[in-house]
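Peer 1: Here is a sequence with its predicted model. Questions after.
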Amino acid sequence: MKSYLSLLVLFLYASFGIGQTISLEKASPFTAVKWTDRNQPMVQFDDEWFALIKLDNHTTKELLDFCKKEFGDKWQKRFSEDLVEVLTKMGTPPSQKATLVLEKDSNQIQVTGTYSLENRQKVYLHNQQHGKKKVFKRITSSQAIEDIDQFYDILQTESSYIHLTDHDFKTAIDSLKAMIILKSMDSVDINYLTHELAKIMAEIGDRHSSVKNEWFEKKNLSTYNLQLPFSLASVNGKVVALRSLDVDGNYDYLHKDFPFVKSINGIPMDVFIDSMAYRSKKAPEQAKLSRGILEVQQLGSLYFKNNLELPSKIKIVFTNGKAEISETVSLVNKRLGYESRIERNILYHRREISKGNFQNIFKVLKGNIGYISLPQMFSFDNVHGLEAYIDSVLANSRNTKALIVDLRFNPGGTRDLLQKFAGHIIPESHSPWVANVAYLRTDKKEAVHGSMSARFLYTYNSNHFDDLDRKAIDKFSKSFATEKEFDISKFSHPHYMVLKGGASHYQHPVYMLANEHSFSAASVFISAFKGLPNVKIVGVTTDGSSGNSKRVHLNNSSIRLRVSTMLSFQRNGKTLDGNGTRPDLYFTKEVEQVLRGTDVQLQKLTEAINKM
C-alpha cells in the first residue's frame, strides 16, 4: 500500500508539471527548427518563427557550441531533435516548462514553452520534409557531371569573387569533368568529388567559402586522425619542429641543432603547404603559413582532402640553414599540435565572457596604459551586460596615456563591438568616417538587403544616412577606387559602413594589436580604424576576409557549398580577402613567445609606448 501511494504521489507530481525534470527522452518546446545562412536557429512557437536568444539559463551560443563540440557534423540535427539529451549532457536536464527568450523584427519577448513528445515529432517531420536527404557514398558518373555543372552555375550566379579572381575556374571544372569521363568511372566517390570541387573553390579567393560532404564520418576512416609525432609552429616565417615540455605550454626544439623543417617526403615545406593545404592558399602570407602548418600537422586528414593515399612512413628533413639531417617517422593517433599559451589564455577568456564573466577584459599596464582584450566579436544580444561593461571600461580608461585593443586570435562574429568602439575612438574632426565599402552579388540593385544592414552596410540613399553621412561618402568617393575592376552590372549599388565619433572621444593614442589569426569581423574592425590620426595598427597582417555566405546543396551528392555573395573593400581599395590589413608598426612573435609563451608582441608595444 505504501509503495502504491508513493507511485501515486509521483504520478500526480509529474502530471501537474511543478518544476520537475521531465521523464521523456524525446521532447521539445518548439514545433520546428530551421537555420539561417549564418547557421543560427529559427524556432517555430505558436505557429510563428522566431530567433532563439535564450533557453532557460543557456544562451543560444552556449547550446550551439556544446552541440558542435559533442556531436560534430550532426550538431544541427541533435540540437533540433534531441534537446533533452543535449541539456542533460550539459548538466542541466530540463523541467517540463522552459523559459524562452525569442526575437522577431528586433523585438524580444519572453514566453513559457512546454516540452512534449508531440512537439518533438513535429520537429522531426519538419526536418524530414525540409532537411538534407542522406546520400549514398557514391553516385554515378553522369550524376557527378550534373553536380559539377550545377557547381559551375552556382558560381556564375551567386559567387562574388569569380569577378575578381585570375583563376581560370571554368577550365579547371572542365578538366575535372574530362577526368571522370577519361577514367570511365562507373561511379564517383562523393568524398573525391567534394575535395576536387574544394580545390577549385579555394583558388577563387573567397575565404568564407567551403565545400563539404556533411555526411562524411571520420571515424570510418582509420587514417584520418593520424598526425605527425611532434608539433609544428612558425618562427620568423620558417617552420620549426617542437616537443612539448609540460602541460603549461612550454616547448623546446625537437632537434636543437636542426630546428627547421626543410621538407616532407622530398617536397620543400613551402611547396608542400602551397600545394596540399589549399584551403588557405589565397590567405595573406603569414596566415597562409600558420593555417597551413595546422593542416600539415594533421597529415592524415590532409592527404584524405587531397584524394591521396597516405604513405606508411613519412621522411622529414630537418635543417639549420647550413646542414641537415633526415628522419623517417610513423604517424600517431594523438593530438600533438602546437598550442600557444597566449592563444590558450585567449580561448579561456572567450569562454568566460560568453558566460558573463568580464573581469579580464580590461586592465591597466605599466606606465598607465589601458589594455582591452577582445577575444571574439561578441553580439550584445547574446552576452547580456557586455555592452554596459564596455561603456564603463571605455569611460574609465579616459585618463590612461594610451589604449591597447588586443584582437589577436579573434575569429570574428558580429560588428556590435565595432560600432561601440567607434563612438569612443573616432575624433570629431574625422566623423562621419567611411570605414568599409561592399557590393552584394544580386540583380536587385535597389532592394534593401537585410544581410547587408546586419553588417551596418547601407546604400547611399538609405534612410539610415543623414546629409552629413552622404557628404562624408561624397568626399571619400572622390579618391576611392577598387584595386581591381569588376562587372558592376552583376552587383548591387555600393554599400557603405559609416562610423561616427561620440560627444567626447578618447584623447590619447590607440593601438590595435592584431595577428594572422584576426579573422572575419575582427579583421573588419581593425581595417575600419586604420588611417585615423589617433590609431595605429600593431602586430602582423591580419587574415582579412569579410564574407556574406550563402549555402547551397548539390542535387545528387548533397555536397554543401558555401559561397560568399559579397565583395568587401578596405578604404585603400583592396579586398579584405587575400590581403588582410597591414600593420603600421610591425611586431612579430619571436622564439621566446613561441617556446615559452612570453608575450613579446605586447611587451614590445608597451615599451615603445612608454618611450614616447
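Peer 2: That came through fine.
Peer 1: mind giving me the domain split of the protein?
Peer 2: 20-129, 231-329, 340-431+501-545+580-612 (automatic domain parsing).
Peer 1: pLDDT on the shortest one, on average?
Peer 2: Going back to what we said before, that points to domain 231-329. For domain 231-329, mean pLDDT is 96.
Peer 1: how far does that domain sit from the chain's center?
Peer 2: Distance, stretch centre to chain centre, for domain 231-329: 23 Å (CA atoms, centre = their mean, to the nearest Å).
Peer 1: With the longest one instead?
Peer 2: In terms of CA atoms, centre = their mean, the gap separating the centre of domain 340-431+501-545+580-612 from the centre of its chain is 18 Å.
Peer 1: Indicate which one of the domains of the chain is closest to Gly573.
Peer 2: domain 340-431+501-545+580-612 (11.9 Å; CB to CB). C-beta here means a position set from N, CA and C on the backbone, and glycine is covered the same way.
Peer 1: what's the model's confidence in that closest one, averaged?
Peer 2: Domain 340-431+501-545+580-612 comes out at a mean pLDDT of 95.
Peer 1: For that domain, measure first residue to last.
Peer 2: 30 Å (CA to CA, to the nearest Å).
Peer 1: thinking again about what came up before, want to throw the domains of the chain into JSON lines with distance to Leu567 and mean neighbour count?
Peer 2: Below are the domains of the chain laid out as JSON lines (distance: least, CB to CB, whole Å; neighbours: other CB atoms under 10 Å):
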{"stretch": "domain 20-129", "distance to Leu567": "17", "mean neighbour count": "17"}
{"stretch": "domain 231-329", "distance to Leu567": "14", "mean neighbour count": "17"}
{"stretch": "domain 340-431+501-545+580-612", "distance to Leu567": "12", "mean neighbour count": "19"}
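Peer 1: so which of those gets nearest Ile145?
Peer 2: domain 231-329 (17.5 Å).
Peer 1: how about a markdown table for the domains of the chain, with distance to Asp168 added?
Peer 2: Converted to a markdown table, the domains of the chain look like this (distance: least, CB to CB, whole Å):
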| stretch | distance to Asp168 |
| --- | --- |
| domain 20-129 | 28 |
| domain 231-329 | 15 |
| domain 340-431+501-545+580-612 | 23 |
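Peer 1: and Ser141, which of those is closest to it?
Peer 2: domain 231-329 (15.9 Å).
Peer 1: So the residue nearest the centre of the chain, which state does it fall into?
Peer 2: The residue lying closest to the centre of the chain (CA atoms, centre = their mean) is Pro411, at 5.1 Å. Recorded secondary structure, Pro411: coil (DSSP: H, G, I helix; E, B strand; the rest coil).
Peer 1: Surely it and Gln376 touch.
Peer 2: Yes. Assessed by CB atoms under 8 Å, Pro411 is found in contact with Gln376 at 6.5 Å.
Peer 1: between these two, what contacts are shared?
Peer 2: By CB atoms under 8 Å, 6 or more residues apart in numbering, Pro411 and Gln376 have these common neighbours: Ala522.
Peer 1: residue contacts, Met490?
Peer 2: Not Met; residue 490 is Lys. His163, Arg441, Asp443.
Peer 1: Once you drop chain neighbours, what's closest to the last one?
Peer 2: Which is Asp443. Spatial nearest neighbour of Asp443, excluding adjacent residues (CB to CB, 6 or more residues apart in numbering): Lys490 at 8.0 Å.
Peer 1: measure the one you found to Tyr161 for me?
Peer 2: To Tyr161, Lys490 is 12 Å away according to CB to CB, to the nearest Å.
Peer 1: contacting residues around the residue nearest to the centre of the chain?
Peer 2: Pro411 neighbours (CB under 8 Å, 6+ apart): Gln376, His517, Phe519, Ser520, Ala522.
Peer 1: now these as TSV including distance to Val239?
Peer 2: Formatted as TSV, the contacts of Pro411 follow (distance: CB to CB, whole Å):
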residue	distance to Val239
Gln376	28
His517	17
Phe519	21
Ser520	25
Ala522	25
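Peer 1: Which pair of these spans the longest distance?
Peer 2: In those, two members sit farther apart than any others by CB to CB. They are Gln376 and His517, at 11.8 Å.
Peer 1: Kindly point out which residues are neighbours of both of the two.
Peer 2: Common neighbours of Gln376 and His517, using CB under 8 Å, 6+ apart, are Asn410, Pro411.
Peer 1: How confident was the prediction at Val111?
Peer 2: The pLDDT attached to Val111 in the predicted structure is 87.
Peer 1: next one: the one 3 residues further on
Peer 2: At Thr114, the pLDDT value in this model is 91.
Peer 1: Report the contact partners of it.
Peer 2: Thr114 makes contact with Gly17, Pro29, Gln96, Lys97, Ala98 under the criterion CB under 8 Å, 6+ apart.
Peer 1: Please report the distance of it from His424.
Peer 2: Using CB to CB, one gets 45 Å for the distance from Thr114 to His424.
Peer 1: Return the distance of the helix or strand hosting Ala198 from the chain's centre.
Peer 2: For Ala198, the element it lies in under DSSP states H and E is helix 190-204. Mean-position distance between helix 190-204 and its chain equals 20 Å (CA atoms, centre = their mean).
Peer 1: list the helices and strands that helix packs on?
Peer 2: strand 138-140, helix 141-158, helix 169-182, strand 210-212, helix 299-305, strand 560-564 (3 or more CB pairs under 8 Å, 6 or more residues apart in numbering; DSSP states H and E).
Peer 1: can you list those in CSV and add distance to Glu48?
Peer 2: Converted to CSV, the helices and strands packed on helix 190-204 look like this (distance: least, CB to CB, whole Å):
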stretch, distance to Glu48
strand 138-140, 39
helix 141-158, 29
helix 169-182, 42
strand 210-212, 31
helix 299-305, 42
strand 560-564, 28
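Peer 1: now, of those, which is deepest in the fold?
Peer 2: Most buried of the helices and strands packed on helix 190-204, by mean neighbour count (mean count of other CB atoms under 10 Å): strand 560-564, with a mean of 22.
Peer 1: Give me the phi and psi for Thr99.
Peer 2: Main-chain dihedrals, Thr99, degrees, to the nearest 10: phi -90, psi 120.
Peer 1: closest one to Arg562 among the domains of the chain?
Peer 2: Nearest to Arg562, of all the domains of the chain, is domain 20-129, at 8.7 Å by CB to CB.
Peer 1: hey, where'd the strands end up in the stretch 301-450 of the chain?
Peer 2: Taking DSSP state E, counting those that start in this stretch as the test, the strands found in the stretch 301-450 of the chain are 314-319, 324-329, 362-365, 369-373, 402-406, 433-440.
Peer 1: Check the stretch 501-612 of the chain too.
Peer 2: Under DSSP E, counting those that start in this stretch, the stretch 501-612 of the chain gives strands at 510-514, 535-539, 549-553, 560-564, 566-569, 585-586.
Peer 1: right, and the ones you listed - which one's nearest Ala503?
Peer 2: When these are compared by CB to CB, strand 510-514 sits nearest Ala503, at 17.5 Å.
Peer 1: Report the backbone C-alpha coordinates of that closest one in CSV.
Peer 2: Presented in CSV, the C-alpha positions along strand 510-514 are these (Å, rounded to 0.1, in the frame of the first residue of the first chain):
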residue,chain,number,x,y,z
VAL,A,510,45.0,54.0,-29.6
TYR,A,511,46.9,50.9,-30.6
MET,A,512,45.1,47.9,-32.1
LEU,A,513,47.1,44.7,-31.7
ALA,A,514,46.5,42.1,-34.4
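Peer 1: Parallel or antiparallel, which strands does that strand pair with?
Peer 2: strand 402-406 (parallel), strand 535-539 (parallel) (DSSP bridges).
Peer 1: what comes into contact with the last one?
Peer 2: Read that as strand 535-539. Contacts for strand 535-539 (CB under 8 Å, 6+ apart): 408, 425, 509-515, 526, 529-530, 581-588, 601, 605.
Peer 1: Could you rerun that using 6 Å?
Peer 2: Under the contact criterion CB atoms under 6 Å, 6 or more residues apart in numbering, strand 535-539 has outside partners 510-515, 526, 529-530, 583-585, 587, 601, 605.
Peer 1: same question, the first one
Peer 2: Contact partners of strand 402-406, identified using CB under 6 Å, 6+ apart, comprise 369-373, 397, 508-513, 609.
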